[in-house]
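Chemist: coords below, sequence missing:
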């Protein structure tokens, strides 16, 4: 695709599809261009969302490329060892040269990228997702479409990171470097978990979840973002309804990771320091 501007290609195809272009009318070189972009995502040469000048930016056109890939692919039987599947998108095939430990039955879909040094326990990584070096995706954890996971992150058993392809301008879930997510934590709707943050078991974060810092005399509320190095546990906050006052879920920032636990001590100890279960 060196002679083709990929952004222009996707923008043109997007408009042509809106004007009624049928799948079988797509020109071979345009189809090859879309496949080349998916291969770029698969090999980590491009990312749906990346940090530029300190700010996370979404590449909408790459999301559109993924949607076009879905549209252009046909359903077929796919073999993966002793297993067979019936779908449009193949799964990654590992040969050992990638430097990734992929434990049966870890599944990473074509168009996702898993960097050298990562470990995939029986888990699922969807298309468009990025998993950084040294990251552990533990048993039954899921990394949703386009979710961005940094380096040296630990996603404990059953962690769920939401996926998002549409609307294309929406930011995906982002977990920055050195974060720890406890068992069954859920992060969806484009929430940003900043570097070094620790989420206790069962924390649920959505775009509207109140993340309340209770470490000082006056509570400070964050929404859609967990500040760097925060230690977070599940909580509730009162809310008035017609039938009375009830507790609704929130998340509580109960402290900050100590400097001594940043690199030399496991992230699990940071949870124990604050008496948070994992």
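Modeler: It's in. Predicted model, so just to flag it, every value in this text is computed and none were measured.
Chemist: grab the nearest non-local neighbour of residue 74.
Modeler: residue 88 (6.7 Å; Cβ to Cβ, 6 or more residues apart in numbering). Backbone N, C-alpha and C define where each C-beta goes, glycine included.
Chemist: wait, the one you found sits on residue 71?
Modeler: No - under the criterion of Cβ atoms under 8 Å, residue 88 is not in contact with residue 71, lying 9.1 Å apart.
Chemist: can you count the residues close to the closest residue to residue 110 other than its chain neighbours?
Modeler: Sequence neighbours aside, residue 90 is the residue nearest to residue 110 in space, at 4.8 Å (criterion: Cβ to Cβ, 6+ apart). For residue 90, the count of nearby residues is 15 (other Cβ atoms under 10 Å).
Chemist: cool, residue 103 as well?
Modeler: Residue 103 has 12 nearby residues by other Cβ under 10 Å.
Chemist: now do the contacts for it.
Modeler: Neighbour list for residue 103: 119, 120, 121, 122 [criterion: Cβ atoms under 8 Å, 6 or more residues apart in numbering].
Chemist: mind checking how far the residue nearest to residue 74 is from residue 109?
Modeler: 10 Å (Cβ to Cβ, to the nearest Å).
Chemist: for those two, indicate the residue with more neighbours.
Modeler: For residue 88 versus residue 109, neighbours defined as other Cβ under 10 Å are more numerous around residue 109 (19 against 14).
Chemist: name the nearest residue to the more buried one, ignoring sequence neighbours.
Modeler: Nearest non-adjacent residue to residue 109 (Cβ to Cβ, 6+ apart): residue 127, at 4.6 Å.
Chemist: ditto for residue 172
Modeler: Nearest to residue 172 is residue 146, by Cβ to Cβ, 6+ apart, at 4.0 Å.
Chemist: now residue 252
Modeler: Nearest non-adjacent residue to residue 252 (Cβ to Cβ, 6+ apart): residue 235, at 3.9 Å.
Chemist: for that neighbour, list each beta-bridge partner.
Modeler: Taking DSSP bridges as the rule, residue 235 bridges to residue 250.
Chemist: quickly note the distance from it to residue 251.
Modeler: 6 Å.
Chemist: cool, and residue 214?
Modeler: Applying Cβ to Cβ to residue 214 and residue 251 gives a distance of 10 Å.
Chemist: so between those two, which is more surrounded?
Modeler: Between residue 214 and residue 251, counting by other Cβ under 10 Å, residue 251 is the more crowded of the two (25 against 14).
Chemist: separation between the more buried one and residue 188?
Modeler: Residue 251 is 13 Å from residue 188, by Cβ to Cβ.
Chemist: which neighbours do these two share?
Modeler: By the contact definition Cβ under 8 Å, 6+ apart, residue 251 and residue 188 are jointly contacted by residue 205.
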